[in-house]
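J.: Build the 3D model from these lines:
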Amino acid sequence: MARAMHAEALRYVPPRELERNPDNPRLIFRADDLKTLEDSIAARGILVPLTVYADGDHYYLLDGERRWRCAIRLNLATVPVIVQPKPGRMQNIMMMFAIHNARRDWDPLPTAYKLQDLENLFFESERRMPTEAELAELASLTRGMVRRLKKLLSLPQEYRDELLAELELPRPQQRLTVDHVLEATKGAEALAKRGVVDAAGEERLRRAIVDKFRTQTLNSTVEPRKLARLARAVERDEVSMDTARRVVERIVSDASYTIDDAFEETTAHADLLHSTSQLAERLASRLSEHLGGDVSPELMQSLRALRRIIDQLVQ
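T.: Down below sits the predicted model:
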């Protein structure tokens, strides 16, 4: 665990004597965001001191890299800093996570890479890999966030490279997100588990879905979840394997064909029937609890309306 650290008094340091923290998980600093902060600093100065640690003749940032970058752009003579003792590398990474864990503007993939570094340093120290709970505590993250970041690390390198390249673009120009790739991966995996596609077909489908997100043929991030519903329909013999394979191949080969199109063509009706059947079973179980007991007038009226609909269905 990190030892207590005691800061020195506030001092003023030329910004060009500071260096970025090599273990900062944040790698992307977008120009439009920096310009807003730069304008604020130009008008009012730096109101919150930067936090740094000293290593020889150099100062390294613990907190305040955006302010530091703006100070250099503005040619400020000095910036206010609070100097902390130099941390060990594992402690440095833990501090980076702890300082920034409440911030919303960290990009997930660079954060995942730094989490991997923290996991490896724990292994070097303890000669075992940390549990999920231990890693979450070290990084000041929830266990759910740790799982999500580790899923990113399991993506093929080509997708991680694409996501990093996308992050370099201004926000209005970004088309592909981490969630797009993760949802595409889960949808393709669901069909592979049911044998609808083989390993090569799974990758072709994932690539097609990612490309459709990039071209905005697909607009809903969660649309690939309908592939899991298609897979379950195949498992229940509500949709034939040949039909499922046919629409999957069309998703891959037809640039304008969407997952919604495939779902409506193959699964929507069967899915509605299945969900209705489950609802009817739950209703029957609930109604059986009223047998032999009193039934309110309101419930009796609803049951009569329901019976009329059932009578029409079973005729």
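J.: Would you map out the domains in this structure?
T.: What automatic domain parsing lists as the domains of the chain is 10-151, 175-270.
J.: nearest to residue 290, of those?
T.: Relative to residue 290, the nearest member of the domains of the chain by Cβ to Cβ is domain 175-270, separated by 30.7 Å. C-beta: built from backbone N, CA, C; applies to glycine.
J.: Quick one: end-to-end distance for that closest one.
T.: 33 Å (Cα to Cα, to the nearest Å).
J.: Please report the average pLDDT across it, rounded to a whole number.
T.: Mean pLDDT, domain 175-270: 95.
J.: Which other helices and strands does whatever helix or strand residue 182 lives in contact?
T.: Assigned by DSSP states H and E, residue 182 belongs to helix 178-193. With contacts defined as 3 or more Cβ pairs under 8 Å, 6 or more residues apart in numbering; DSSP states H and E, helix 178-193 has these neighbours: helix 143-153, helix 157-167, helix 199-214, helix 225-235.
J.: Find the residue at the geometric middle of this protein.
T.: The residue lying closest to the centre of the chain (Cα atoms, centre = their mean) is residue 179, at 5.1 Å.
J.: show me the contacts for it.
T.: Residue 179 makes contact with residue 221, according to Cβ atoms under 8 Å, 6 or more residues apart in numbering.
J.: I'd like the distance between it and residue 25.
T.: Going from residue 179 to residue 25 by Cβ to Cβ, to the nearest Å gives 19 Å.
J.: what's the answer for residue 234, then?
T.: 41 Å.
J.: Same question for residue 290.
T.: Distance of residue 290 to residue 25, given as Cβ to Cβ: 57 Å.
J.: the more surrounded of the two?
T.: The neighbour comparison of residue 290 against residue 25 (other Cβ atoms under 10 Å) goes to residue 25, with 23 against 12.
J.: Name the nearest residue to the more buried one, ignoring sequence neighbours.
T.: The spatially closest residue to residue 25, leaving aside those adjacent along the chain, is residue 114, at 3.6 Å (Cβ to Cβ, 6 or more residues apart in numbering).
J.: unless I'm mixing things up, that neighbour is touching residue 93, no?
T.: Yes. Using Cβ atoms under 8 Å, residue 114 makes contact with residue 93 at a distance of 6.2 Å.
J.: Give me the common contacts of the two.
T.: 23, 25.
J.: neighbour count winner among these two?
T.: residue 93 (25 against 20).
J.: Just give the number of residues close to residue 313.
T.: 6.
J.: End to end on stretch 58-67, go ahead and measure it.
T.: Stretch 58-67: ends 18 Å apart by Cα to Cα.
J.: in it, what counts as buried?
T.: Neighbour-count burial for stretch 58-67 flags 59, 60, 61, 62, 63, 64, 65, 66, 67 (criterion: 16 or more other Cβ atoms under 10 Å).
J.: and what of stretch 150-166?
T.: Quick answer for stretch 150-166 (16+ other Cβ under 10 Å): 151, 152, 155, 159, 160, 162, 163, 166.
J.: can you tell me which two in these are farthest apart?
T.: 151 and 166 (17.5 Å).
J.: ok so, going back, now the angle from the helix holding residue 182 to helix 157-167?
T.: 160 degrees (axes from the mean of the first three to the mean of the last three Cα atoms, to 10 degrees).
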